[in-house]
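Participant: What follows is a protein structure lacking sequence information:
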């Protein structure tokens, strides 16, 4: 009985966090990693980040770029950007990356205006929160 209740609870949570086509615009902007959950159940938290991800998506195509925020509100970055496409398969959305050296994809698990999570093929889940710049008065 306990096992049934656990599976029921997991199915409710996973269904409520489903990503829709209308949600995808939320990916645009600056994101910082909050936590990583490994396939063995271990987690690593990131209370502070020196680098954030900038994501820009339009018409199913986009790029992801590493940015280093500065105290004056600007960002330092290189010209390197990782292009990706959004692909829908069986009601799930994937961020599919491809470059001359490799290709991979991450499944979007959840997405809202202030957070998102993705899972890679190795079963590692990455949790992001919307980046808030530090304000010095």
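Facilitator: Received the coordinates, thanks. The structure presented is a predicted model; accordingly, all values stated were derived computationally and were not measured.
Participant: Quick check: which ranges of this protein have low pLDDT?
Facilitator: Across the chain, the ranges flagged by pLDDT under 70 are 1-17, 135-137.
Participant: how about the strands in it?
Facilitator: Shown for the chain, the strands assigned by DSSP state E span residues 29-37, 43-45, 52-58, 61-69, 75-76, 82-89, 92-98, 103-111, 115-119, 125-130.
Participant: Which among these is found nearest to residue 22?
Facilitator: Nearest of those to residue 22, taken as CB to CB: strand 103-111 at 10.1 Å. Heads up, the C-betas are built off the backbone N, CA and C, glycines and all.
Participant: ok now do residue 34, which residues does it touch?
Facilitator: If you count contacts by CB atoms under 8 Å, 6 or more residues apart in numbering, residue 34 has them with 45, 46, 115, 127, 128, 129.
Participant: follow-up on the earlier one: could I get the strands of the chain as CSV with distance to residue 18?
Facilitator: Output for those, formatted as CSV (distance: least, CB to CB, whole Å):
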stretch, distance to residue 18
strand 29-37, 19
strand 43-45, 23
strand 52-58, 18
strand 61-69, 21
strand 75-76, 32
strand 82-89, 12
strand 92-98, 8
strand 103-111, 8
strand 115-119, 12
strand 125-130, 15
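Participant: neighbours of the spatially closest residue to residue 53 that is not a sequence neighbour, just the number please.
Facilitator: Once flanking residues are discounted, residue 53 sits nearest to residue 31: 4.7 Å by CB to CB, 6 or more residues apart in numbering. Residue 31 sits with 22 neighbouring residues when counted by other CB atoms under 10 Å.
Participant: got it, and the one 5 residues further on?
Facilitator: Burial of residue 36 is recorded as 14 neighbouring residues (other CB under 10 Å).
Participant: re earlier: quick check: the two most widely separated of the contacts of residue 34?
Facilitator: Spanning the widest gap among those are 45 and 115, at 14.4 Å by CB to CB.
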